[in-house]
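Engineer: Below: sequence and its predicted model.
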Amino acid sequence: MEVAKAFPEYPVTPVKVNGPLHLKHYVCLASPNVLAVGNSKEAQNILKRIEREATFRYQTLTLNDDGGVNCLNVNGTLLFRPDFHACVEKFGTLQDTHLCPVTITELTKLGGMLSQHCIMFRRIKLLKNI
């Protein structure tokens, strides 16, 4: 819950991931309201937990390969790995999102992922009492 302490102005939903892989191997923020999610059993179970526990409701874009889920949306530009061709086609369906393929060959040799050290969050407007 260190993230909740660091960002108290944002709602934080902890998501437990079983096994050695990171959350963003299974689910990433593809656009402001859309989660890219893999079609594996683990990815779908994580999505169910998010839908059950999170306060915000996201649309989902289910990809054929969990490896293709690893993407990073920065100010309306989606950085993604182009080597997952079926996933690239689905990313093309996102509205108001500029697609930017990124080859990260050296990082993947080290077991790294494009979004591994990034935090997904969505700014919400809080209503103030008058």
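Structural biologist: Great, that's in hand.

Engineer: Please enumerate the strands of the chain.
Structural biologist: Assigned by DSSP state E, the strands in the chain fall at 27-31, 34-38, 59-63, 71-74, 77-80, 98-101.

Engineer: Turn the ones you listed into TSV, columns for distance to residue 90.
Structural biologist: C-beta coordinates here come from the backbone N, C-alpha and C atoms, glycine included. Below are those laid out as TSV (distance: least, C-beta to C-beta, whole Å):
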stretch	distance to residue 90
strand 27-31	9
strand 34-38	8
strand 59-63	6
strand 71-74	11
strand 77-80	10
strand 98-101	11
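
Engineer: Mind pulling the model confidence for the residue most central in space within the chain?
Structural biologist: In the chain, the C-alpha nearest the mean C-alpha coordinate belongs to residue 28, at 1.0 Å (C-alpha atoms, centre = their mean). At residue 28, the model reports a pLDDT of 89.
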